[in-house]
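**Student:** Predicted model follows, preceded by the sequence.
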Amino acid sequence: MAFRTARNLAYFSNYIRNYSTNGPLVNVTVNEKSGFATATLQRPSVNSLNLELLTEISHTLQQLEKNKCRGLILTSASNKVFSAGLDLFELHKPNADKIKQMWSTLQEVWIKLYGSSYPTVAVVNGHAPAGGCMLALSCEYRVMLNNFIIGLNEAQIGFSAPMWLIDGMRNTIGSRQAEFALTAGTLFKTEEALKIGLVDEVAQSKEEAIEKAEKFLNKFAKIPPHARSMTKAALRGANIQALVRNKDEEVRSYVDFVTDSQFQDSLGEFIELNLKQKLSK
Ligand SMILES: CCCCC/C=C\CCC/C=C/CC(=O)SCCNC(=O)CCNC(=O)[C@H](O)C(C)(C)COP(=O)(O)OP(=O)(O)OC[C@H]1O[C@@H](n2cnc3c(N)ncnc32)[C@H](O)[C@@H]1OP(=O)(O)O
């Protein structure tokens, strides 16, 4: 078992340090005492999810799994935005091959994070719309700072969240609340998100949020890791398997959908209305 000896722990820490130097978009550090890893998303300025960031998140999760991570805290280097979701500029007039890879990598991230054997917490220290909410939802616990927004606003942009993400939302806030939230594409303020159970705790500062996250991870200190991960797999496995079975078909329909002129028009309008940076004409 990794981390059982100081030597193993030192090896893992060095490994992660080396790895993090290769990954400029995700910084990974390991607390040598607790063995918990913190993965900090740092793609300027809003951690919008393009292929490069998604690929790096996916590799990070793979390495953490391989090294039998004891717990993960996922957070953002920005003090305003956890993640702004998919990079809308990369979805506009896209190259079909790149979109295909992007979608497939997004699915991998969900599978690895939602299905990780180790416990996971999102420290949501900024806004988390759409894909940002997806990252938070795929963790087991969410601690959010005040005065930000979180939710799945896909309906507002002109599409539906995929089935696996709907499942993730239902499993977190229940069917009734999920139906209200998803059909309206609601973005919740921190306090509202707490009320419906979309986040578990609110913190006033990032330091406090990290403390709460570590407290959650420490709850498992005396639980045999294999029993914990088997139970998690039993609870989440069916949703993950459903995505695995449908992966390629979903990529095909997503590429068709995103490259369609009707979607491109509504995306263009959304960008012009909602984002400061505009499309070059
Ligand atoms: C078959 C169909 C399947 C459909 C699949 C559906 C779901 C799959 C799973 C998850 C995927 C979901 C889809 C998405 O994620 S779509 C993205 C949705 N995102 C948003 O709607 C967020 C839009 N942004 C904002 O609301 C705000 O920017 C903010 C995040 C609240 C931050 O606000 P603020 O602090 O005021 O910052 P600015 O607005 O000034 O933005 C700073 C900077 O960042 C640029 N930017 C913001 N968001 C994005 C983005 N999503 N992509 C690319 N760039 C973004 C913005 O233009 C500013 O740029 P400049 O600094 O250059 O001005």
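**Tutor:** Thanks, I have the structure now. Numbers count the residues shown, from 1 in each chain.

**Student:** for this protein, where's the lowest mean pLDDT among helices and strands?
**Tutor:** Among the helical and strand segments of the chain, the one scoring lowest on mean pLDDT, DSSP states H and E is helix 6-22, with a mean of 44.

**Student:** Return the residues of the stretch 1-150 of the chain in contact with the ligand.
**Tutor:** Neighbours of the ligand within the stretch 1-150 of the chain, by CB under 6 Å from any ligand atom: 45-46, 48, 80-81, 84-89, 127, 129-131, 134. Where you see a C-beta, it was placed from the backbone N, CA and C, and this is true even at glycine.

**Student:** continuing past the least confident helix or strand of the chain, what's the next helix or strand?
**Tutor:** Toward the C-terminus, helix 6-22 is succeeded by strand 26-30 as the next helix or strand (DSSP states H and E).

**Student:** what is the orientation angle of the helix or strand just after that following strand with strand 26-30?
**Tutor:** Toward the C-terminus, strand 26-30 is succeeded by strand 37-41 as the next helix or strand (DSSP H and E). In terms of direction (axes from the mean of the first three to the mean of the last three CA atoms, to 10 degrees), strand 37-41 departs from strand 26-30 by 160 degrees.

**Student:** Show the residue spans covered by the helices in this structure.
**Tutor:** Counting by DSSP state H, the chain has helices at residues 6-22, 51-66, 88-91, 96-114, 131-137, 154-157, 163-173, 175-184, 190-196, 206-218, 225-259, 261-274.

**Student:** shouldn't residue 114 be in contact with residue 140?
**Tutor:** No: the criterion here is CB atoms under 8 Å, and residue 114 misses it with residue 140 at 9.2 Å.

**Student:** and residue 55, how many neighbours?
**Tutor:** Counted with other CB atoms under 10 Å, the neighbours of residue 55 add up to 18.

**Student:** residues in contact with it?
**Tutor:** Contacts for residue 55 (CB atoms under 8 Å, 6 or more residues apart in numbering) come out as residue 105.

**Student:** before we move on, what about residue 102?
**Tutor:** 50-51, 54, 86, 90.

**Student:** try it again with 7 Å
**Tutor:** 51, 54 (CB atoms under 7 Å, 6 or more residues apart in numbering).
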